[in-house]
Each structure stands twice: as structure tokens, then as C-alpha cells.
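>>> Please find the sequence and the predicted model below.
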Amino acid sequence: MLVDTRPTTFDELIRISGLSHGTDVWLGNAQSLIEQGTVTLQDAICCRDDIMIYLINKGLPPNSSFKIMEAVRKGKVAKGKEAKWEEYKALMKEHDVPDWYIKSCEKIKYMFPKAHAAAYVTNAFRIAWFKVHKPLAYYAAFFSIRGKDDFDSDCMIFGEEKVKNKMKEIDLLGNSATQKDKTMYPILELVLEMYERGFNFLPIDLYKSDSTKFIVEDNALRPPLNSIPGFGTVAAEGVVNARKDGKFMSIDDLKIRAKIGNSVIDILKKYGCLDGMSQSNQMSLFA
């Protein structure tokens, strides 16, 4: 849609949002009219408000313009359920509304309100600004909020090559890829983009990593404890709450204070989070 329309203004982005959220507003309708050169994006019907404003500017009474807009945006015209459509068509033709406009109205099954489109685009524009100008803040927020269930530290925090290999693995699986792999793929794409922009991940740390949020630190991102596969949010929060009372004296101390089991301890060991920590508080006379 963006390639077809080549937007250059904020208003055009709002129009595209309206087109993308409507039913039979773009495909087989506005898209064809724009490709044929009949209209530009600025003239096409994109949001429901466009119809009423256009018709009022054409000289139709405001009340009639509103009723036509309501009949079109609810899909009543497209479904042949608007009893007054012939009357409305005659009124539009009296005011020089072109045939392409009337035919476009007859195809629409649902239209998006312009206020909703404006809110969506405003929010997207803010997010895009952060992605360009405050990239680490953007990636930290995205991975913490949108990617929290699909971020897998095993294949994402150990460098660009590991990410590419995982993407190739999923590509080769094709339709036989699991749903988990399919939902992970866009997160992998974003992780790869982050690496290619020159940013990296810091190691997961027993004391520095948050339980669920990615932290911006030293021009890099510190992944949370729950981004480790098999390390649940409850266990991560248990560790974070327990460490508030001071450093762990041993692995046994960590288990007791954080209320975690051996399987979680094994995961932490695998990620190097327990390096240098003794198993027990007891001292060995022969060590």
C-alpha cells in the first residue's frame, strides 16, 4: 500500500490507515482507481468522514451527506440494503459527483473513522521517532512489551550469526515450522536489525538483570532473567525479590531465598549466572 501510494504528508499516512482498516475500501476499489490514474490518494475515499465532507463541499445538504456516509460506511449500499440509494445517487449526480465516486461508494462494506486513524498514526509516528532517534529505548520497550513471549535468549543474545542461523532454520522448515517459530521470526528480524545498527546484548546477570524488562546499559541491552528459555517469570521475580536482601552466599542460599528448584539452578549455571558461587555456605576443611 505504501509502495502504491508513496505518501509524503502526515495526512496521507492517516488516509492509508483508513484504507488499510476498511473492508473493500482499498482492494478492488481505491487501489485500482489510483493505479489507473483516475484519482490520487488525496481524492480517494479513505475514511468515513471523507464522504460527508466531500459531499457537503459539492453542495449537498449536510443531513443528506451524513445519511449517505452512514449508509456507505455500514455496508448497507454494498449489500443492497439501502432503500433510498437510487434517490441518493440522483442527488449526487445533480451536484456533479463523478461516477467513479458513486461506484466506489457502492463497493465499500466497512469504513474506519478518521479520528481512529489519526490516533493510530500519531502513536505509530511517535514509536517510529524513537526507533530512529532513541534506538536502544525503542528496542528495550519492544522486546519487553511486544516480544516478551517470543524472545529466546538461546538464539538471540549471542550475536548476529546465531540469529541468522535460526532464521535460516525456520525458513527451511517452511510450512512445517511450529507456531512458536512463526511468531518468533519477526522478533528475530528485529534483533538482527539491532545488531546491524551496531548494538549488542550484555550477558544475563543474576544481580543486574531485571525479572521481565530489558535494560539500557552501557550503550547495549541487558536481557531480563525470564528471557532465558525455561526460566519463568515467577522464578525470575523470586530471584529479583530475594537479591534485595543482599548477595547470595551460595547456590543453596539462592535456592532457599528465591524459592527456586534444581532445574532453575541448572538453567542459571548454563548461562554463567552462578560462576564463582559455591554450592553451600559450609566451609570444607580440605578445600
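Yep, it's here. Numbering: from 1, shown residues only.

>>> how far away is residue 134 from residue 269?
35 Å (CB to CB, to the nearest Å). In short, each C-beta sits where N, CA and C put it, glycine included.

>>> Equivalent analysis for residue 39, please.
64 Å.

>>> Neighbour count: these two, which is higher?
Set side by side, residue 39 and residue 269 show more neighbours around residue 39, with 17 against 13, by other CB atoms under 10 Å.

>>> what about the more buried one, which helix or strand?
Using DSSP states H and E, residue 39 sits within no helix or strand.

>>> Surely it touches residue 31?
No - the criterion here is CB atoms under 8 Å, and residue 39 misses it with residue 31 at 10.7 Å.

>>> Tell me the secondary structure at the residue lying closest to residue 190 once chain neighbours are set aside.
Excluding its sequence neighbours, the residue lying closest to residue 190 (CB to CB, 6 or more residues apart in numbering) is residue 142, at 6.6 Å. Three-state call for residue 142 (DSSP: H, G, I helix; E, B strand; the rest coil): helix.

>>> count of neighbours near residue 142?
Residue 142: 19 neighbours (other CB under 10 Å).

>>> The stretch 151-287 of the chain: strands as residue ranges?
Using DSSP state E, counting those that start in this stretch, the strands of the stretch 151-287 of the chain run over 215-217, 220-222.

>>> Can you tell me what sits against stretch 80-100?
33, 38-39, 55, 58-60, 64, 67-68, 71, 76-77, 101-102 (CB atoms under 8 Å, 6 or more residues apart in numbering).

>>> Would you pull up how far that stretch lies from the middle of the chain?
40 Å (CA atoms, centre = their mean, to the nearest Å).

>>> Check stretch 234-244 too.
Using CA atoms, centre = their mean, the offset of stretch 234-244 from its chain centre is 29 Å.
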